[in-house]
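**Q** Let's see this in three dimensions:
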Amino acid sequence: MTHVFAAPRRAAILSLTLALAGVSLLGATGLPTAEAAAPPAVVQPDASSGVTADVLPTTQINAGGYVQDQAIVGDAVYAGGSFSSARPAGAAAGTSESRRTNLLAYSISTGALKSFAPSLNGIVRVTALSPDKKRLYVGGEFTTVNGATRNRLVAFDTGTGAVVGSFNVNLGGPVYAIAATSSTVYVGGQFTQANGVNRGRFAAFRASDGGLLSAWAPKSGDYQAVRALLVAPGGNVIAGGQFATVGTLSSSTLTSAPGSVSLDPTTGAAKTWAVNKVVKQYGTDGGVLSLKTDGTTVYGAGFWFGGTQSNFEGAWAVNPSDGSIKWLADCHGDTYDTTVANGVVYAASHQHDCSNLGSFPQQRPTQVEWRANAFTAAAKGDLLPNSLSPTKFKDYSAYDSPAVVNWFPQFAQGPSSGYYSGQPTLTIESTSDYVVVGGQFPTVNGKAQQGLVRFARGSVAPKKVGPRVYFSDPGSASTSVGSPTVKVVGGNTVRVTAAPWDRDDAVLAKVELFRNGSVVKTYTNLTAPWWQTTVAYTDSSVSAGTKYTYYLRMTDADGNVVSSGSASAVPSGTSISSSTYSNQVRSDGAKNYWRLDDPSSGSAVTDWAGSTDLVRASGLGLGAAGAIGSDKAASVNGTVNASAASSTGFVRAPQVFSVEGWFKTTSTTGGAVVGFGDVPTGSSYRHDRQISLSSSGKVVFHVDNGAVRTVTSPKAYNNGAWHHAVATLSGSGMVLYVDGAKVASSTSVTSARNYGGFWRIGADKLPGTATGYLGGYVDDVAVYPTALTATQVKDHYTDSGR
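**A** This is a model prediction of the structure:
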């Protein structure tokens, strides 16, 4: 694991070593994280203890309502929120309705509605249990329960369902958080008085009679709300919310506590809590919404919607005694609640980018949100630097990370006018056998299931969720299993691509590709993340004018077999001719090869070796005379828009690679020919693995492993002629070739920063103040997963006819 304290010394020593070796350093500051960062792999749910994505029939609430919190006692799940009725699973809205006013109970084993039916005249925001689970505490915005006064906090006997008469308290504002011991009930919210006594968003009552405890009187220093409370192992009271500082009503002293704090259970004084020095979720733009424990760890989660106060929107795990960080799940997308079962942390969220954890990246141009997801409870690797808006999001790459568990049930969006703008999932709880989710979703996995749903571990669940093919929005309510994508390439071949995946299986046992009814390709034990194309087949045995229809038959680890939809293509027979050069590029193992021979009327740039077609921006034109024979090339106009990339081509930056291309220019300002950046359009924040020209016309290859490392050609090449450039990085170092010959190298740099992004042709930001916008021409760009040898590079140059 990476240790922060070692960073300054390591960086200084490495910088000195490289400087003595003659490698150029630009901005050599900080730890070279590439060698240390090892993101965890996505984890397959345990076949027996992990829950599946099967939707189990569950009581539903009325359309337009929502469930905000749940508590489990034996077979009963108590669900509170804002709703007026409940109906059985499978019943359409408005049918078989039973009156339930903001609080109900259902069976965790069957999903059936239970008889518990109190009437609360306002929204329920929180439910909590006494340690012996004989009492259910309910807080919110109500002022009566069953017609009797109960101002925002009430206790029920879980054995009888009756209101506990001896516990009658009075809160002057909404209650959002409750935590209880056998003798004390701790409460947080948006109130300024409790039992008629001044309080600063916190209060504590005797469980026996509801008497206010005068000694426990913390206050939110800026009077922002308290959103979560937990009695942690060891007895301290952990609080989360939107507060920036906390203190006590008896003192003017305030302690910095941006979003979370540990409080003494008797005095309310702030205690050591390390996580709030790093993770800040507070103020008007953020807050901690959930605090849970499995007895050894405290798990927190919250939101941040874009302001400048907060810096984190994922989940975190800390030591209960002092808040020292065990891991950070630095996914992007607010996290509303978590629960822990059998070594897995399940979350209610709307996460759309977990690339920092080695998992799914931001989808472009349409953002895809996962409303429930899961992580390992234990740390499994190191966080990577942020790939999404790194100028906005803090870099947590020094911290440990859990692994993302392959559990991706699909929740449809709630009403846009609803709570939190229709956020589908708001609460998640668990036992050793079940995970239950509540919110305002209308469907789960495309099946009608309003507001409540159950999932079960593999030994209990039917395990009938089968594979599918990723399409534009897997978070939608569609029940379609998707289809492969087919494209005629060069007129005489058909390329078939697909991203088969499964909601609860990370590996598919078998995937078969059919053409016109017959299997043409079989994949076994296919690791199949939804966000990556793992089926890529080039069909060259086709005839012009004939229709070819393709589909997939997919089998998951549970034996479920699903056939995808089909897609067809008709080859035209009109091909772009190959050459000795293009054949050699593919023969030498190019992963991507963009010949830039595409029609000038379109925006597509075809990948002739892989499946990552690019989209050109307005400043990159097609149809210019090319570098090789009669082939065509791209023109670049020296602006930020002179580029081509794929918004769906997100990959992890390789540690061993070759990047190759041709350029022609007379520019005296220089610019990028090809490279890797963290965004597909505009200027990247993180960018390296670039071949570029300096303002003097010299060819530069640079990588970033904590500082920018460059090797540069001795002579200039901005003479208006075509030139061939290849750059490689491997365990042997950095090598730069121009026109078939090695012109610069370094054996001191053998790795580069580990982050996610996109291969880009043309314009992008360069190190320092150099312009990244080349004016001139670019042709035949290729990327390889290996370091080409000097012989291969020379052969490519001579194969061009030179």
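**Q** residue ranges of the helices in the chain, please?
**A** 7-21, 580-587, 790-799 (DSSP state H).
**Q** roughly how far apart are the closest residue to T666 other than its chain neighbours and T665?
**A** Leaving aside its chain neighbours, T666 sits nearest to G720 (4.7 Å; criterion: Cβ to Cβ, 6 or more residues apart in numbering). The way it works is simple: take the backbone N, C-alpha and C, and place the C-beta from them, glycine included. Distance, G720 to T665, using Cβ to Cβ, to the nearest Å: 7 Å.
**Q** Same drill for those two, tell me which one is more crowded.
**A** Higher neighbour count among G720 and T665: T665, with 25 against 11, using other Cβ atoms under 10 Å.
**Q** wait, doesn't that one sit right on Y777?
**A** Yes. In terms of Cβ atoms under 8 Å, T665 counts as a neighbour of Y777; the distance is 7.1 Å.
**Q** Can you give me the pLDDT of the nearest residue to L596 once chain neighbours are set aside?
**A** Spatially, and ignoring its direct neighbours in sequence, L596 is nearest to A634 (4.5 Å; Cβ to Cβ, 6+ apart). We have a pLDDT of 98 for A634.
**Q** Can you give me every residue that contacts A634?
**A** The contact partners of A634, by Cβ atoms under 8 Å, 6 or more residues apart in numbering, come to 596, 605, 616, 620-622, 624, 644, 761-762, 777-779.
**Q** looking at those residues, which has the most residues close by?
**A** Going by other Cβ under 10 Å, G762 tops these with 34 neighbours.
**Q** and the residue nearest to that one when sequence neighbours are not counted, how many residues sit next to it?
**A** Spatially, and ignoring its direct neighbours in sequence, G762 is nearest to S643 (4.0 Å; Cβ to Cβ, 6+ apart). Using other Cβ under 10 Å, S643 is surrounded by 31 other residues.
**Q** Likewise for L788?
**A** 25.
**Q** same deal with S630?
**A** Neighbour number of S630 under other Cβ under 10 Å is 9.
**Q** what about the top strand by length along the chain, distance to the chain center?
**A** For the chain, the longest strand by residue count, based on DSSP state E, is strand 370-382. What separates the centre of strand 370-382 from the centre of its chain is 10 Å, taken as Cα atoms, centre = their mean, to the nearest Å.
**Q** Quick check: which ranges of this protein have low pLDDT?
**A** 1-37, 387-391, 472-478, 575, 769-770 (pLDDT under 70).
**Q** per-domain residue ranges of it.
**A** By the assignment in automatic domain parsing, the chain contains the domains 118-214, 485-569, 581-799.
**Q** Spit out the contact partners of the residue lying closest to S563 once chain neighbours are set aside.
**A** Once flanking residues are discounted, S563 sits nearest to R553: 5.0 Å by Cβ to Cβ, 6+ apart. When contacts are counted by Cβ under 8 Å, 6+ apart, R553 touches V511, E512, F514, V561, V562, S563, S564.
**Q** Let me have the domains of the chain in a markdown table, extended by distance to D382.
**A** Converted to a markdown table, these look like this (distance: least, Cβ to Cβ, whole Å):
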| stretch | distance to D382 |
| --- | --- |
| domain 118-214 | 33 |
| domain 485-569 | 19 |
| domain 581-799 | 9 |
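**Q** between these, which one is nearest to G90?
**A** domain 485-569 (20.7 Å; Cβ to Cβ).
**Q** Start and end of the closest one, how far apart?
**A** 10 Å (Cα to Cα, to the nearest Å).
**Q** and what of stretch 182-192?
**A** This stretch, stretch 182-192, spans 25 Å end to end (Cα to Cα).
**Q** what's the neighbour count on the residue lying closest to K765 once chain neighbours are set aside?
**A** Distances taken as Cβ to Cβ, 6+ apart put S683 closest to K765, at 4.3 Å, once the chain neighbours are dropped. Neighbourhood size, S683 [other Cβ under 10 Å]: 15.
**Q** check contacts around S683.
**A** By Cβ under 8 Å, 6+ apart, the residues touching S683 are V640, D764, K765, G772.
**Q** now, among the residues you listed, which is nearest to G422?
**A** Distances from G422 to these, taken by Cβ to Cβ, are shortest for V640, at 35.9 Å.
**Q** The closest one and G682: what is the separation?
**A** 7 Å.
**Q** The two - which one has more neighbours?
**A** Shown here are V640 and G682; by other Cβ under 10 Å, V640 has more neighbours (17 against 14).
**Q** and the gap between the more buried one and H687?
**A** From V640 to H687 the distance is 13 Å (Cβ to Cβ).
**Q** Need the overlap of contacts for these two.
**A** What both V640 and H687 touch, as defined by Cβ under 8 Å, 6+ apart, is the set G772.
**Q** who does V154 bridge with?
**A** Note on V154: beta-bridge partners V138, judged by DSSP bridges.
**Q** Can you report how many residues neighbour it?
**A** Residues within reach of V154, counting by other Cβ under 10 Å, total 27.
**Q** mind listing what it touches?
**A** L120, Y137, V138, G139, F142, V145, V163, V164, F167 are the contacts of V154 under Cβ under 8 Å, 6+ apart.
**Q** Equivalent analysis for T668, please.
**A** T668 makes contact with S695, S696, G697, N718 under the criterion Cβ under 8 Å, 6+ apart.
**Q** And for the last one, the neighbour number?
**A** Applying the criterion other Cβ under 10 Å, we find 23 residues in the vicinity of N718.
**Q** same deal with the second one?
**A** The local packing of S696 (other Cβ under 10 Å) involves 11 other residues.
**Q** Which residue comes closest to it once chain neighbours are left out?
**A** A716 (5.6 Å).
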